[in-house]
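In: Just to be clear, the model below is a prediction. Sequence and coordinates:
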Amino acid sequence: MRNLKLLLAFCGGISLVACGGGGGKSTPSATNYIVSATVGEGGVVNSSTNTVSANSTTSFNFTANEGYRIKSVTGCGGALTNNLFTTAAITGNCSVTGVFELITFTVSVSASAGGSYLLPNAKVMSGQTSKVIAVPDTGFAVNTFSGCGAGTADYNSYTTAPMIADCSVAISFKKTVAVEGTAAEGAALANAEITAKCSDGSGFSSPIKTDSTGHFTGSLGEASFPCALKLTSQGKTYFSLVREAGTVNITPLTDLTLVIASGKNSADWYSSAGWKDVIPQIDAAQISIQARLSDMGYKVPAGEFKPLTKSFLIGDQWDMLLDEFRAGLDNSPDTKTYDALINTVKTRGVHGIPSPTGTDVLTAEVCFNSELFAEGNSYSMKQRLETTSDGNSTGWGFEQTLTYSNKKAVAENGLLVLTREFNGDLISFSPNSIPAVSNYVDKLLVDFEEKSVIQISSRGGSTLTIPEGGTYTNTTTYDGFGNKIVFTSAVGGEISTSYVENVLAVLSTNGIETWRNEQHDLIEDNRVFKGLTNIYRAGKMRRVCEFEVKRKTTRPDSLISENILYEYYLLGVGLNISSDVIESITWNGKEI
């Protein structure tokens, strides 16, 4: 009985399969298919495979990467709507393929008269930029670039903003004129970059650099003036201003002109909105600088003083002035740096410019020239004086060209003494006069450190040769030295000297002494440096150091004279040109 129950239970659990024996029908399971999706470069799909039942549809979402777009999606009989691809009813396994393509835009260009352009790539991918190169005609430059977003211009090239659509670039050209000049601070400012900031917002039409001599040439718009110029070179910065086509220089003197005219340091002037306001003060600033340089003893070139526009070359007088100016800054304890000078001049005006020796006080040192006493150097002065007793006949006068030649300095009694020889024909215009030849020797004690000169002997052994065998000798020596000139004296400084002048004059005829005169005068000099002044000599106005000499002359037995003399030493050359009958001055063969 127990076994029967187990059998019935077993057969009941499996009756549909094996125990019923028949009579019923089975139901078939649903059919599924695989739909795959693939993509090429430039995008993604949200699924690589979908499982789909028979006669059903499925969808895939295709997304393009930045800079790409969907070109096509094909397969499984489907269709694309925006980014969504939906298949047809699926009846078997199938695949879908998505293809992407780069997005490109077209750049077009238009140009005004005055030039053309190059467009290396008119088709540009989305998000990328395109470059347009302007080609100005001769005498023209780019005025403006515009179009294709907020592009950037660099002289003759223009780079568009990243492309997001087709666009057009417009180029306008303008007429240009040339400016050129020299950049120097004594030494040439070579390979220096120069930029311009003009009144219309433009600048140079191409990058500008100086050559090895400091010379530069650039083009500016015909209607762009005035323009402020900025030079940078190895950490140094100088400024200038150009008002028209032609010459413009960039030097410390152009920089100082702008400081004095604007009342600002030059960098602040350049960056200010009102930089053009300085123009009416330029001429007055140049005049004040010229006066200060002259008064302080600089060798200022003759003629108009216009450092901004005066054409010059390295090595000429203007360049030598810059050398001297640089030395003055280096010697001054207050202007060891150029920025210090600028700030001083901003505060004090031209009075902040130091002398060539670096002091704020003018000294006669500016008229001391060591080359004047160098061995082998020579100079000459022609003097001429002629008067008439009436309108037609000659009264009296003379003409003489004296040449001074330096010999080697030698030690005498423990002192280094310079011997200087003089020679020259003397032509007298006096009635019944006869021509003569004069030769004599000076001996000088020169102290190059103190910058002083003491005359030890004058016309020592001087001989005037007279025709028909006649000679006249005149020898002058000094006891206690004489005629001491100290060139380090400041304005108002006094130097007092006292010495005995011994004069021996002898006239001989045919070797026989016919006349002799000896005198021993005590000379007391009080020499005062008065400063710089202008005097007219040898056809030119000359800048000179002026000394006032109060001289008292006595002999052992009586007072001879008390008078005031004036001595003038040529600025930068050092020659004594006190005589007012000098017709010409020559230094080492060159007339000055």
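Out: Structure received. Nothing here was measured: the structure is a model prediction, and the numbers come from that model.

In: What are the phi and psi values at residue 348?
Out: phi -110, psi 0 (degrees, to the nearest 10).

In: Let me fix that, I meant to ask about residue 373.
Out: Dihedral angles (degrees, to the nearest 10) for residue 373: phi -110, psi 10.

In: pretty sure it is touching residue 443, no?
Out: No: under the criterion of C-beta atoms under 8 Å, residue 373 makes no contact with residue 443, lying 11.9 Å away. Heads up, the C-betas are built off the backbone N, CA and C, glycines and all.

In: ok now stretch 512-531, how far from the chain's centre?
Out: Chain-centre distance of stretch 512-531: 53 Å, with C-alpha atoms, centre = their mean, to the nearest Å.

In: no no, stretch 545-557
Out: That offset, for stretch 545-557, works out to 50 Å (C-alpha atoms, centre = their mean).

In: Now do the contacts for the residue sitting nearest the centre point of the chain.
Out: In the chain, the residue lying closest to the centroid (C-alpha atoms, centre = their mean) is residue 183, at 3.7 Å. Contacts for residue 183 (C-beta atoms under 8 Å, 6 or more residues apart in numbering) come out as 189, 192, 194, 210, 214-216, 231, 233, 238, 249-251.

In: of all the residues you listed, which comes closest to residue 142?
Out: residue 194 (18.3 Å; C-beta to C-beta).

In: From the contact counts, what lies against whichever strand or helix holds that closest one?
Out: Using DSSP states H and E, the secondary-structure element containing residue 194 is strand 193-198. Judged by 3 or more C-beta pairs under 8 Å, 6 or more residues apart in numbering; DSSP states H and E, the packing partners of strand 193-198 are strand 208-209, strand 215-221, strand 227-233.

In: could you redo the last one with a cut-off of 7 Å?
Out: Strand 193-198 is packed against strand 215-221, strand 227-233, with contacts defined by 3 or more C-beta pairs under 7 Å, 6 or more residues apart in numbering; DSSP states H and E.

In: got a list of contacts for the last one?
Out: With contacts defined as C-beta atoms under 7 Å, 6 or more residues apart in numbering, strand 227-233 is touched by 183, 189, 192-198, 220, 237-242, 248, 250, 270, 275.

In: Just checking: what are the partner strands of that strand?
Out: strand 193-198 (antiparallel), strand 236-242 (antiparallel) (DSSP bridges).

In: quick revisit: which of residue 373 and residue 443 has more residues huddled nearby?
Out: Set side by side, residue 373 and residue 443 show more neighbours around residue 443, with 20 against 17, by other C-beta atoms under 10 Å.

In: Name the residues linked to that one by a beta bridge.
Out: Where residue 443 sits in a bridge, its partners, by DSSP bridges, are residue 419, residue 457.

In: doesn't residue 419 make contact with it?
Out: Yes: between residue 443 and residue 419 there is a contact under C-beta atoms under 7 Å: 5.6 Å.

In: The host helix or strand of residue 60: which residues count as buried?
Out: Using DSSP H and E, the element containing residue 60 is strand 59-64. Going by neighbour count (16 or more other C-beta atoms under 10 Å), the buried part of strand 59-64 is 60, 62, 64.

In: would you turn the residues you listed into TSV with pLDDT and distance to residue 507?
Out: Shown next, in TSV, are these (pLDDT from 0 to 100; distance: C-beta to C-beta, whole Å):
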residue	pLDDT	distance to residue 507
60	96	134
62	96	128
64	94	121
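
In: picking up where we left off before, I'd like to know which elements the helix or strand following the strand holding residue 60 is packed against.
Out: Per DSSP H and E, the first helix or strand lying C-terminal to strand 59-64 is strand 68-74. Packing partners of strand 68-74 (3+ C-beta pairs under 7 Å, 6+ apart): strand 59-64, strand 94-102.

In: Export those strands as TSV, with columns for distance to residue 410.
Out: Shown next, in TSV, are the helices and strands packed on strand 68-74 (distance: least, C-beta to C-beta, whole Å):
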stretch	distance to residue 410
strand 59-64	99
strand 94-102	92
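
In: quick one: which of those is nearest residue 493?
Out: strand 94-102 (86.4 Å).

In: Now do that closest one, average pLDDT.
Out: When pLDDT is averaged along strand 94-102, the result is 95.

In: one step back: looking at the helices and strands packed on strand 68-74, which is closest to residue 282?
Out: strand 94-102 (58.5 Å).

In: by contact count, what packs against the closest one?
Out: On a contact count with 3+ C-beta pairs under 7 Å, 6+ apart, strand 94-102 meets strand 32-39, strand 43-45, strand 59-64, strand 68-74.

In: strands paired with it, and their directions?
Out: Partners of strand 94-102 in its sheet, by DSSP bridges: strand 32-39 (parallel), strand 68-74 (antiparallel).

In: Including mean pLDDT, mean neighbour count and distance to residue 558, could those go into JSON lines?
Out: Shown next, in JSON lines, are those (pLDDT from 0 to 100; neighbours: other C-beta atoms under 10 Å; distance: least, C-beta to C-beta, whole Å):
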{"stretch": "strand 32-39", "mean pLDDT": "95", "mean neighbour count": "17", "distance to residue 558": "127"}
{"stretch": "strand 68-74", "mean pLDDT": "94", "mean neighbour count": "16", "distance to residue 558": "118"}
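
In: nearest to residue 288, of those strands?
Out: strand 68-74 (69.5 Å).

In: Give me the angle between the closest one and strand 59-64.
Out: Counting by axes from the mean of the first three to the mean of the last three C-alpha atoms, to 10 degrees, strand 68-74 lies at 150 degrees to strand 59-64.
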